[in-house]
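Participant: A predicted structure for the sequence below; I have some questions about it.
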Amino acid sequence: MVSEYIENVIQRVIQRDPHQPEFQQAVREVLTTLDPVIKEHPEFEEHGILERIVEPDRVIMFRVPWTDDQGRVHVNRGFRVQFNNAIGPYKGGLRFHPSVNLSIIKFLGFEQIFKNSLTGIPMGGGKGGSDFDPKGKSDAEVMRFCQSFMTELYRHIGANIDVPAGDIGVGGREIGFLFGTWKKITKSWEGVLTGKGYGWGGSLGRPEATGFGLVYFLEEMLHANGEDIKGKTVLISGSGNVAQYAARKVMDLGGKVLTLSDSNGTVYIKDGLTEEMWEFVMELKNVRRGRIKELAEKFDGVEYYPDEKPWKFKADIALPSATQNEINGKDAEMLVKNGVIAVAEGANMPSTLEAIDLYLKNDILYGPAKAANAGGVAVSGLEMSQNAQFTSWSFEEVDRKLRNIMKNIFQESAKAAEEYGHPKNYLMGANIAGFLKVARAMIDQGVV
Ligand code: NDP
């Protein structure tokens, strides 16, 4: 049983936002693990920290009108949730996907507060996006949409205010169009977005950061428990930015990638992803923007399973890297039955609360998203530092810093879990370590 204070805050969120299930889920996931901290530190209740931390500083919603190549008018909805800036400017990605709504953006922004805190870089939490679907749109349509989106968003962001980045549906192309419009409206050049192209303020190593960081975290978690990636079989979901570079790093470290997927289905690669297949996926997804089933059409030993997820295949490790709630209780049961030893989350909140419960009960090593996928925002933080100093670091330097950050995140999470009486519960450890810094800053800054 969690303390009455925590349960009351959760109930109030449910009453206030009854139509925001993803946000409620994220709040419950974080707050219930903070129980030992709340019991040990009565000052957090005295200062109303939990009531304040679940309420965004502000929510911005706006109309995004644009015209398609035939001249037809479309209207999408834009969002930016500036959740908490106790420890630094708001920071968090933009997601363009038809499923985007306020609940999804709020859950992502809420999680981002603790993730950013864990990186050790001074960044607050925020998130934004739109229900626009970039799939099937021409470059010109995507550009017009991004221009319209930024025509409103520019008022609310700035290098010391709020610095958006990419997420699902927002990659280098979209960041370029968004940055161009921001620059034109404000007649200013500053690091107001991250994930920029190398040569115009982008950091080397940013595209790789989330996927590489995920596997660095996994490596730390395995080593701390007497295991190693070498020789292990790995299920990866998704085939976008995070999945691509997670696959790359698993291969580099001697693991075998058995699956990739997209929203239409899963490919199973009997003998593991090869160099040639990886290059094919990079071109397929980033240049031609095609479907993952083409991998099976092109290569022998690859089977395509339409409308299926990767979790039924037998493997040692699972790296969900597509979207929220992609592993439910049934999927988790399958992972347990098949003897998975570790799950590390590339995507945000890919596991339902039921799935997480099963990992913990079955002693599966579990690297929660806010720790395991923090590499992306960490290198975004490094991009902000480079922009502020008018400098750029080599790929090796960025990668070395990323590896250190992921190592620290793992160690801090492990230490907090141990200190609060739940050794190896990295979910609890990450939530506690991320929360403490923000909560203490909020107390120092008064009731605002
Ligand atoms: P991309 O848009 O590059 O790729 C997303 C991938 O997930 C695609 O393969 C996509 O398939 C699949 N996908 C998206 N929505 C669904 C869905 N509803 N059902 C099944 N598959 C789906 O995004 P990213 O790789 O950047 O992001 C993936 C996850 O990682 C997200 O949860 C994101 O929040 C998280 N993340 C990303 C970071 C980053 O730096 N990019 C940082 C931290 C977390 P399809 O092509 O068919 O849509």
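Facilitator: That came through, no problem.

Participant: okay, now the closest residue to the ligand within the chain: neighbour count?
Facilitator: When distances are taken as C-beta to the nearest ligand atom, the chain reaches nearest to the ligand at G240, 1.8 Å away. (Each C-beta comes from the backbone N, C-alpha and C, glycine too.) The burial count assigned to G240 is 22, neighbours taken as other C-beta atoms under 10 Å.

Participant: how much space separates it from P134?
Facilitator: According to C-beta to C-beta, to the nearest Å, G240 stands 12 Å off from P134.

Participant: same question, G205
Facilitator: Here the distance between G205 and P134 works out to 24 Å (C-beta to C-beta).

Participant: out of these two, which sits in the more crowded spot?
Facilitator: Neighbours of G205 and P134, each counted by other C-beta under 10 Å, are more numerous for G205; the result is 25 against 21.

Participant: chain neighbours aside, what residue packs nearest to the more buried one?
Facilitator: When the adjacent residues along the chain are set aside, G205 lies closest to V398, with 3.6 Å between them (C-beta to C-beta, 6 or more residues apart in numbering).

Participant: buried set for the helix or strand where that neighbour lies?
Facilitator: Following DSSP states H and E, one finds V398 within helix 395-419. Judged by neighbour count using 16 or more other C-beta atoms under 10 Å, the buried positions of helix 395-419 are 398-399, 401-403, 405-406, 408-410, 412-414, 416-417.

Participant: give me the mean pLDDT for the longest strand belonging to the chain.
Facilitator: Using DSSP state E to define each element, the chain has its longest strand at strand 73-84. Model confidence over strand 73-84 averages 98 on the pLDDT scale.

Participant: so which elements touch that strand?
Facilitator: Here strand 73-84 is seen to pack against strand 58-67, strand 90-96, helix 102-118, strand 124-130, helix 139-153, strand 162-165 when contacts are counted using 3 or more C-beta pairs under 8 Å, 6 or more residues apart in numbering; DSSP states H and E.

Participant: which helices and strands does the first one pack with?
Facilitator: Helices and strands touching strand 58-67, by 3+ C-beta pairs under 8 Å, 6+ apart, are strand 73-84, helix 102-118, helix 139-153.

Participant: now do it: distance to the chain's middle.
Facilitator: For strand 58-67, the gap between its own C-alpha mean and the chain's C-alpha mean amounts to 23 Å (C-alpha atoms, centre = their mean, to the nearest Å).

Participant: ditto for the fourth one
Facilitator: Shown here is strand 124-130, whose average C-alpha point lies 11 Å from the average C-alpha point of the whole chain (C-alpha atoms, centre = their mean).

Participant: swap in the second one?
Facilitator: Centroid displacement of strand 90-96 relative to its chain, using C-alpha atoms, centre = their mean, is 10 Å.

Participant: now P98, nearest residue through space, not along the chain?
Facilitator: Leaving aside its sequence neighbours, P98 sits nearest to D133 (C-beta to C-beta, 6+ apart; 4.5 Å).

Participant: test my guess that that neighbour contacts H97.
Facilitator: Yes: assessed by C-beta atoms under 8 Å, D133 is found in contact with H97 at 6.7 Å.

Participant: the two: who's more crowded?
Facilitator: Here D133 and H97 are compared on neighbour count by other C-beta under 10 Å; more neighbours surround H97, at 19 against 15.

Participant: alpha carbons of the strand or helix carrying I185, in CSV - could you do that?
Facilitator: Using DSSP H and E, I185 sits within helix 172-186. These are the backbone C-alpha positions of helix 172-186, laid out as CSV (Å, rounded to 0.1, in the frame of the first residue of the first chain):
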residue,chain,number,x,y,z
GLY,A,172,16.4,15.8,-39.4
ARG,A,173,14.1,16.8,-42.2
GLU,A,174,11.4,18.2,-39.9
ILE,A,175,13.8,19.9,-37.5
GLY,A,176,15.4,21.6,-40.6
PHE,A,177,12.0,23.0,-41.8
LEU,A,178,11.1,24.1,-38.2
PHE,A,179,14.4,25.7,-37.6
GLY,A,180,14.3,27.6,-40.9
THR,A,181,10.9,29.1,-40.0
TRP,A,182,12.0,30.0,-36.4
LYS,A,183,15.1,31.7,-37.8
LYS,A,184,13.1,33.7,-40.4
ILE,A,185,10.5,34.9,-37.9
THR,A,186,12.9,35.9,-35.1
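
Participant: pretty sure D17 is touching S103, no?
Facilitator: Yes: using C-beta under 8 Å, D17 and S103 qualify as a contacting pair, with a distance of 7.4 Å.

Participant: identify the contacts common to these two.
Facilitator: F23 (C-beta atoms under 8 Å, 6 or more residues apart in numbering).

Participant: for the spatially most central residue of the chain, give me its contacts.
Facilitator: A centroid search over the chain (C-alpha atoms, centre = their mean) returns N348, at 4.4 Å, as the residue closest to the centre. Residues in contact with N348, defined by C-beta under 8 Å, 6+ apart, are F107, L108, E111, Q324, A369, N373.

Participant: swap in K370?
Facilitator: Contact analysis of K370 by C-beta under 8 Å, 6+ apart lists E111, F114, K115, L118, A430, N431, G434.

Participant: contacting residues around the third one?
Facilitator: So the one you mean is K115. With contact taken as C-beta under 8 Å, 6+ apart, K115 is in contact with G125, A369, K370, A371, N373, A374, V377, G434.

Participant: what's around the second one, how many residues?
Facilitator: Burial of A369 is recorded as 25 neighbouring residues (other C-beta under 10 Å).

Participant: need the pLDDT of the spatially closest residue to it that is not a sequence neighbour.
Facilitator: Spatially, and ignoring its direct neighbours in sequence, A369 is nearest to E345 (3.9 Å; C-beta to C-beta, 6+ apart). At E345, the model reports a pLDDT of 98.
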